[in-house]
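Peer 1: let me see the structure of the following:
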Amino acid sequence: MPKEVRRCAWAQSDPLMQAYHDTEWGVPVRDARELWETLMLEGFQAGLSWLVVLRKRDAFRKAFAGFEPAKVAKFGERDIERLLANEGIIRSRAKIEATIAGARIYCDMMKNGEDFGAFCWSFTQGKVIRGDGKTLPAQTELSATISNELKRRGFKFVGPTIVYAWLQAVGIVDDHAADCAFRRARR
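Peer 2: Below you'll find the predicted structure:
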């Protein structure tokens with residue numbers, strides 16, 4: 001009989017959450033486009049559970065042109081109406097419009113020579129922040145700082161709690177629980 005894998009408590013019950021936890025959550029992402037995609041998906045999660053977003057992630061990717069910022073930045077009203085009719089995604093006009101605006105901001109940053117990935121990691125000087133494995137805050141001073149900077153640039157759905165969840169998801173912050181031995185061991 002295989003030994004039971006101990007995971008973070010939030011990933012214990014659902015097989016999709018387990019797979020996400022085991023292969024993605026907390027793994028450092030350096031790719032600018034992937035960092036942006038995850039930030040946008042975290043925004044769609046606002047008020048919902050991450051499991052809802054995970055179940056719809058493939059549909060989101062299809063609906064948002066693979067989360068290619070240059071393509072999404074060109075979306076207009078017809079695209080917004082198409083997305084609002086898409087039952088495979090979370091159909092919130094505000095979140096859809098925020099994603100399109102976020103693509104435009106991303107593209108402007110890149111056009112001005114500011115790599116989105118470098119920007120994201122600049123807040124920690126490129127280093128992963130390791131949690132203690134005992135506490136799991138909803139937000140931190142770091143997430144508030146990044147949230148304020150993202151808002152200043154025009155991003156929406158980037159409050160400190162959403163930003164902290166994103167930091168954890170993309171591995172800028174590693175918050176695996178102390179008893180999540182197999183993931184903490186990968187440090």
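
Peer 1: and Ile162, how many neighbours does it have?
Peer 2: Using other CB atoms under 10 Å, Ile162 has 20 neighbouring residues. All C-beta spots, glycine's among them, are computed from the backbone N, C-alpha and C.

Peer 1: what are the contacting residues of the helix or strand hosting it?
Peer 2: Taking DSSP states H and E as the definition, Ile162 sits inside helix 160-169. With contact meaning CB atoms under 8 Å, 6 or more residues apart in numbering, helix 160-169 is reached by 24-26, 38-39, 42-43, 45-46, 50, 129, 137-140, 142-144, 146-147, 150, 173-175.

Peer 1: repeat for stretch 79-95
Peer 2: 43-44, 46, 48, 52-53, 56, 59-60, 62-64, 96-97, 100, 156-157.

Peer 1: buried residues of it, list them for me.
Peer 2: 79, 83, 86, 89-90, 92, 95 (16 or more other CB atoms under 10 Å).

Peer 1: go through those residues and flag which are in helices.
Peer 2: Counting by DSSP state H, the part of the buried residues of stretch 79-95 found in helices is 79, 83, 95.

Peer 1: so how far is Gly88 from Met40?
Peer 2: Distance of Met40 to Gly88, computed by CB to CB, to the nearest Å: 16 Å.

Peer 1: tell me who's in contact with Thr99.
Peer 2: Thr99 touches 40, 43-44, 64, 72, counting by CB under 8 Å, 6+ apart.

Peer 1: which SS state does Val27 fall under?
Peer 2: Using DSSP: H, G, I helix; E, B strand; the rest coil, the structure places Val27 in coil.

Peer 1: just give the closest residue to it, not the sequence neighbours.
Peer 2: Of all residues not flanking Val27 in the chain, Gly171 sits nearest, at 4.9 Å (CB to CB, 6 or more residues apart in numbering).
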